[in-house]
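> Need the 3D shape of this:
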Amino acid sequence: MNLSSVRIITADIKRLVAFYETATGMSFTWYTDDFAELRTPLAALAIGSTRTLALFGGDAVASAASNRSVIIEFQVPDVDNSYQQIAGHIEEGIVQKPTTMPWGNRSLLFRDTDGNLVNFFTPLTQEAKKRTEA
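Reported below is the predicted structural model:
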């Protein structure tokens, strides 16, 4: 089994896709007006509008902009450099500026426009690097 993607449900798909395109420097593929996806070599970040909930049983299935337990993580080559590039874009949502964590990653934690936590990280120690090898 392979993790294929993580999907965010949002009430403002254009705003959220634009946020992630700016933060990552990567483009999403739009499949419909209600569904877009950012594909990486290991998995994808999918974003669906609240209108897609009807396909899964209705509005009670998920609630946009209400996540308080999941962190969406992106491994980046140099988290300090990434921070310098996007600081102005994420300024209001910064939770923690680049910090070296006890498990060997350097990490930048911020919130997207829906309030979801996002972590950009760079493995620093050999052990941390081994954990992230594909």
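> what are the ranges of the strands in the protein?
Assigned by DSSP state E, the strands in the chain fall at 5-10, 29-32, 35-39, 44-49, 71-75, 94-100, 105-111, 117-123.
> With the flanking residues excluded, which residue is spatially nearest to the residue nearest to the spatial centre of the chain?
Central residue of the chain (Cα atoms, centre = their mean): Ile72, 4.2 Å from the mean position. Sequence neighbours aside, Val118 is the residue nearest to Ile72 in space, at 5.0 Å (criterion: Cβ to Cβ, 6 or more residues apart in numbering). Placement of C-beta: from N, CA and C, glycine included.
> repeat for Trp30
Ala36 (4.7 Å).
> so where's this structure shaky on pLDDT?
Residues of the chain that meet the criterion pLDDT under 70 lie in 134.
> can you list the domains in the protein?
1-55, 67-134 (automatic domain parsing).
> Turn the ones you listed into JSON lines, columns for distance to Val61.
Output for the domains of the chain, formatted as JSON lines (distance: least, Cβ to Cβ, whole Å):
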{"stretch": "domain 1-55", "distance to Val61": "5"}
{"stretch": "domain 67-134", "distance to Val61": "14"}
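> pretty sure Val118 contacts Ile94?
No: if you go by Cβ atoms under 8 Å, Val118 and Ile94 don't touch, sitting 10.4 Å apart.
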